[in-house]
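# Fold the following and give me the result.
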Amino acid sequence: MPAVSAFKICAVGILSLALAIGIGRFAFTPLLPLMVRDGLLPGNGGAWLASANYIGYMLGAAWASSLSLPSVRQIQGSLFGIVLMTLGMGVAESFSTWIVLRFAAGVLSAGALVATSTWALQALALSNRPVLAGVVYSGVGTGIAVAGLFCLVAAQPGVGSPRLWLELGLLAALMAGTALLLLGRSRAPASPLAGTKAERTIPRGTGPLVLYYGICGFGYILPATFLPALARTLVDDPQRFGLAWPLFGLAAALSTLLAAWVLRKMNRLKIWSIANVFMATGAVLPSLWPTLPAIAIAALCVGGTFMIVTMLGLQEARARAPQAPTALLGRMTSAFALGQVLGPVAAAAFAYLPISPAAALGLALQTGALCLVLSAAMLWRMSATSPRG
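Residues are numbered from 1 along each chain as shown. Modelled structure (predicted):
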């Protein structure tokens, strides 16, 4: 069977990740302030919906890595499901149904990320174009930016958030249809170990890698979740506070392209370590300087690094398990998701301290930043053991 063209690999990867992560996971972030504006959520409803999605994402990563289905089938099923979950958010009217939909969207998003990463990285390696991984992973930031800009433009007075969910669902259907059309005619040769017990074996010595990847999930999720809400506390105009999220996505999209170029000259884990320091800066800055410029800088720092970490972490995992990467990719994604679950839990725990809510959130951001800096130091030391390629 002939190799897949680099153009189709990149097109499918961009569309799949844009839909899976940009819409399936993170369209909720710019829509959360609008759902609050519409009076649709109880006081802690946003946290519950976010947590349901994070838990689903964590379980979905483990589920995806244990399936014996080919990656192409997983991508097809996951994308179709995400479209339905997005449309469902605009149709459903009960909070309990939204919890189920956000959980299912998390499961499917993780499945799409693991399957797309497995398929695309393998196809690029077989095409001798691994440097194009940066183009594939720019899809996440592109999806975030598109969803954020859509909400920014569509959030006019009198337009309710249910309608925005439905319109996003239609956009998701268009993206999924295009990706599946290309994918249906594109088949990367299967891994020689696909579907075997070896495919589900975790290589030894990868525990620290999984741990540091999980720490990144913990460190980035608080600013990623609360940047638009923090901006709204400073200005109540959606046309202004809504800019934080598209800026975040644009930085994420451009960052993977830059990181792929730098990879030609520098070790993966060293770039990851540097990215952690920038991410820590973005996480801590709004707690020390609560202004719109600080939030914009934070959006650039966090948005410009979290997809670098995602790309490099999954590439490192594949390099350490080149013949059977699926299980390790799934464990890495589960660890990242667990970090994302623990982030809001930490914020909620700090809220019980006898301090103001703003101070509690600031303390959580500072804790995440400290963890990122410590893991950056360990990643730099670990870089000597990083496989080439």
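
# By mean pLDDT, point me to the weakest helix or strand of the chain.
Here the helix or strand of the chain ranked lowest by mean pLDDT, DSSP states H and E is helix 238-241, holding a mean of 58.

# ok, then the element right after it?
helix 244-262 (DSSP states H and E).

# Show me which residues of that next one are buried.
Judged by neighbour count (16 or more other CB atoms under 10 Å), helix 244-262 contains these buried residues: 244-256, 259-260. Using the backbone N, CA and C atoms, a C-beta is placed for each residue, glycine as well.

# Closest one of those to Ser273?
Ala259 (12.5 Å; CB to CB).

# pLDDT score for that closest one?
For Ala259, the model assigns a pLDDT of 80.

# burial count for the nearest residue to it once chain neighbours are set aside?
Nearest non-adjacent residue to Ala259, counting by CB to CB, 6 or more residues apart in numbering: Ile308, 4.5 Å away. Applying other CB atoms under 10 Å, we find 27 residues neighbouring Ile308.

# Gly362 now?
Neighbour number of Gly362 under other CB under 10 Å is 18.

# That one: which element?
For Gly362, the host element (DSSP H and E) is helix 357-382.

# and if you look at Ala112?
Using DSSP H and E, Ala112 falls in helix 95-126.

# what mean pLDDT does the helix or strand following that helix have?
For helix 95-126, the following helix or strand on the C-terminal side (DSSP H and E) is helix 133-154. Average pLDDT, helix 133-154: 88.

# Could I get the buried residue list for helix 133-154?
133-152.

# Summarise which helices and strands whichever helix or strand comes after it is packed against.
The helix or strand immediately downstream of helix 133-154 is helix 161-184, counting by DSSP H and E. Packing partners of helix 161-184 (3 or more CB pairs under 8 Å, 6 or more residues apart in numbering; DSSP states H and E): helix 6-17, helix 28-37, helix 71-91, helix 133-154.

# Which of the ones you listed sits closest to Leu181?
Closest to Leu181 of the helices and strands packed on helix 161-184, according to CB to CB: helix 6-17, at 9.5 Å.

# got the angle for the closest one vs helix 161-184?
Here the directions of helix 6-17 and helix 161-184 differ by 150 degrees (axes from the mean of the first three to the mean of the last three CA atoms, to 10 degrees).

# Start the count at 788 instead of 1 going forward.
New numbering, starting at 788: the last item is helix 793-804.

# And helix 793-804, what does it pack against?
On a contact count with 3+ CB pairs under 8 Å, 6+ apart, helix 793-804 meets helix 858-878, helix 882-913, helix 920-941, helix 948-971.

# Extract the C-alpha set from it and format it as PDB.
Below are the C-alpha coordinates for helix 793-804, written out as PDB (Å, rounded to 0.1, in the frame of the first residue of the first chain):
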ATOM      1  CA  ALA A 793       2.500  14.600   3.500                       C
ATOM      2  CA  PHE A 794      -0.200  17.100   2.600                       C
ATOM      3  CA  LYS A 795      -3.000  14.600   3.500                       C
ATOM      4  CA  ILE A 796      -1.300  13.700   6.800                       C
ATOM      5  CA  CYS A 797      -1.000  17.300   7.800                       C
ATOM      6  CA  ALA A 798      -4.500  18.200   6.600                       C
ATOM      7  CA  VAL A 799      -6.100  15.300   8.500                       C
ATOM      8  CA  GLY A 800      -4.000  15.900  11.600                       C
ATOM      9  CA  ILE A 801      -4.800  19.600  11.700                       C
ATOM     10  CA  LEU A 802      -8.600  19.100  11.200                       C
ATOM     11  CA  SER A 803      -8.700  16.200  13.600                       C
ATOM     12  CA  LEU A 804      -6.800  17.900  16.500                       C
END
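
# I'd like the distance between Ser865 and Ala892.
Distance, Ser865 to Ala892, using CB to CB, to the nearest Å: 10 Å.

# same question, Gly956
For Gly956, the distance to Ala892 - CB to CB - is 11 Å.

# and those two? which has more neighbours close in?
Neighbours per residue (other CB under 10 Å) separate Gly956 from Ala892, with Ala892 holding more: 28 against 22.

# Counting by contacts, list what the helix holding Gly1149 packs against.
With contacts taken as 3+ CB pairs under 8 Å, 6+ apart, helix 1144-1169 sits against helix 994-1021, helix 1055-1075, helix 1113-1137.

# What are the buried residues along it?
In helix 1144-1169, residues buried by neighbour count (16+ other CB under 10 Å) are 1147-1156, 1158-1160, 1162-1163, 1165-1167, 1169.

# what do you get for stretch 1107-1124?
Residues 1107-1108, 1111-1124 are the ones in stretch 1107-1124 that count as buried (16+ other CB under 10 Å).
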